[in-house]
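**Student:** Let me see the structure of the following:
(one chain, ligands or ions: 1)
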Amino acid sequence: MADHDNEHLGTGTRLVGVGRRADWTGTADHPGAVVNPPVYRASTHLYPDMAALRAHPANVDGNFYYGRRGAPTQWALAEALTALEPGAEGTVLYPSGVAAIMGALLTVLRPGDVLMMIDNAYEPSRAMGRGLLKDFGVETRWFNSADTAAFAAAICPRTKAVLLESPGSLTMEVCDVPALAAAAKARGATVVIDNTWASSLGFPALERGADISVMSLTKHVGGHSDAMMGSASAGKEWATKLRVRAQGLGNVVSPDDASLMLRGLRTMGLRLAQETASALAIAEWLSARPEVARVLCPMLPGSPGHELWARDFSGGCGLFSFVLKGGTSAARDALIDALALFGIGFSWGGFESLATPVDPAAIRTASAWPLPGMDAADKFGVRLSIGLEDTADLIADLERGLAAWEAAA
Ligand SMILES: *Cc1c(COP(=O)(O)O)cnc(C)c1O
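**Tutor:** Modelled structure (predicted):
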């Protein structure tokens, strides 16, 4: 999973080194004395004297000022994420992925503007369009990611932002980000992408045409299901505007959580490689099962958007879905309940595997579900987040789940 940026070092090497500035990991006498940036728990920052307070640049990143502007623990994480996102010159941290998406949209949009949102966006992103953004005078229009020409034709002079997500939540279709972004930018719209699935390691979002790349760090970067955070990375102009808006909203992340994220980041490459390989093996196994109508896994040949994934991505992750043949909602519940190694929970990207039911028809408004070519009776989906357990054990567990599905059907 490397060679998608200009740096000469490999991803693993860079993951070990990023953010570890010697003056953040030691003292003036002993720079770089410890491996990790210490946890600076601080609301108050002190000045040696009045002259220093008066001389202080009030609004510059990376300077002690006041707790809400962060301290070396948060700066190290932001710097690390910037270094890992090709084309980025700054990163703003948010208390959650949702806060990062909203923070980016509130930076770009003004009352009267139109936001075009991909139809398979994360549901809480859709809720922003129906809720807070609507309340503040922004109109959201959802579009079918499979139809680039229709998307381009629907952009109007009021369209100021486009929210992409690829692969889309739940159904995992990969969209043509370079084509969609080029069409949006040709008409003056700013492209925000939710890049949580692949992360900057698997999809260099800014190089592929996005202006702002957002991640829920809660998923792959944290990786241990014990902390929440989000980030938005961008070139200089947008990074500055994002920071100003985030400060206006009072966003700040705890240094303890930033430290957990830095810890997770060091092993993210290894975890993603292992989870991707395991997920692909499980997806292949599922695609050969008679109970399964369709596997929705971008890494799997034949999955919606696999060709675009192979063209544009350098990595995957452990998150994918599958759709059962016919059946009932109760039988699907029996399947998930029969799994011993998969927790039932809405998150993903942790070291432990999870399963949740998927019902995209209830969410989509601009594109069909089931997908073209699928049988209307095949509608009960399951989303799996593949963790670090042994693949063979997970497959044996899924075999038990499918037996329970058969028994209940
Ligand atoms: C989980 C998730 C988010 C939101 O992240 P939180 O940190 O839970 O707020 C955003 N986008 C996608 C695709 C997600 O799966």
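**Student:** In which helix or strand does the closest residue to residue 405 other than its chain neighbours reside?
**Tutor:** Distances taken as Cβ to Cβ, 6 or more residues apart in numbering place residue 335 nearest to residue 405, at 4.1 Å, with adjacent residues excluded. Every C-beta, even on glycine, is put in place using the N, C-alpha and C of the backbone. In the assignment (DSSP states H and E), residue 335 maps to helix 329-338.
**Student:** what mean pLDDT does stretch 128-146 have?
**Tutor:** Across stretch 128-146, the average pLDDT comes to 97.
**Student:** quick one: buried residues of that stretch?
**Tutor:** By 16 or more other Cβ atoms under 10 Å, the buried positions in stretch 128-146 come out as 128, 129, 133, 138, 139, 140, 141, 142, 143, 144, 145, 146.
**Student:** Also stretch 304-314?
**Tutor:** Neighbour counts over stretch 304-314 (16+ other Cβ under 10 Å) mark 304, 305, 306, 308, 309, 312, 313 as buried.
**Student:** how far away is the second one from the ligand?
**Tutor:** Put plainly, it is residue 305. Relative to the ligand, residue 305 is positioned 15 Å away (Cβ to the nearest ligand atom, to the nearest Å).
**Student:** Next up, the contacts around that residue.
**Tutor:** For residue 305, the contact set (Cβ atoms under 8 Å, 6 or more residues apart in numbering) comprises 166, 167, 172, 173, 174, 175, 298.
**Student:** In a helix, the fourth one, correct?
**Tutor:** No. Judged by DSSP: H, G, I helix; E, B strand; the rest coil, residue 173 forms no part of a helix; its state is coil.
**Student:** 42 is where my numbering starts, stick with that
**Tutor:** Sure, I'll start counting at 42 from here, so that last one is residue 214.
**Student:** separation between it and residue 108?
**Tutor:** 42 Å (Cβ to Cβ, to the nearest Å).
**Student:** cool, the first one as well?
**Tutor:** Distance check for residue 207 against residue 108: by Cβ to Cβ, it reads 36 Å.
**Student:** So if I had to pick from those two, which one is more boxed in?
**Tutor:** Between residue 207 and residue 108, residue 207 has the larger neighbour count (other Cβ atoms under 10 Å), namely 29 against 16.
**Student:** Let me know whether the more buried one touches residue 220 as I believe.
**Tutor:** No. Residue 207 is beyond contact range of residue 220, at 11.5 Å (criterion: Cβ atoms under 8 Å).
**Student:** Give the full set of residues in contact with the one residue in the chain that gets nearest to the ligand.
**Tutor:** Residue nearest to the ligand within the chain (Cβ to the nearest ligand atom): residue 138, separated by 2.3 Å. Contacts were defined as Cβ under 8 Å, 6+ apart; by that measure residue 138 touches 235, 237, 255, 256, 257, 258, 259, 260, 269, 270, 271.
**Student:** Which helix in the protein has the most residues?
**Tutor:** Longest helix of the chain, by residue count under DSSP state H: helix 296-328.
**Student:** the helices in the stretch 92-241 of the chain, which residues?
**Tutor:** 113-125, 138-149, 164-171, 173-176, 189-195, 218-227, 240-243 (DSSP state H, counting those that start in this stretch).
**Student:** for the ones you listed, which one ends up most surrounded?
**Tutor:** Of all the helices of the stretch 92-241 of the chain, helix 240-243 has the most neighbours on average by mean count of other Cβ atoms under 10 Å, namely a mean of 27.
**Student:** Could you pull up the mean pLDDT of that helix?
**Tutor:** 98.
**Student:** Pull the contacting residues for residue 84.
**Tutor:** Contact analysis of residue 84 by Cβ under 8 Å, 6+ apart lists 107, 108.
**Student:** neighbouring contacts of the lowest-mean-pLDDT helix or strand in the chain?
**Tutor:** Ranked by mean pLDDT, DSSP states H and E, the helix or strand of the chain with the weakest confidence is helix 91-96, at a mean of 92. Under the contact criterion Cβ under 8 Å, 6+ apart, helix 91-96 has outside partners residue 88.
**Student:** Specify the next element, helix or strand, located C-terminal of the helix or strand hosting residue 349.
**Tutor:** Using DSSP H and E, residue 349 sits within helix 347-353. Proceeding N to C from helix 347-353, the next assigned helix or strand is strand 360-365, under DSSP H and E.
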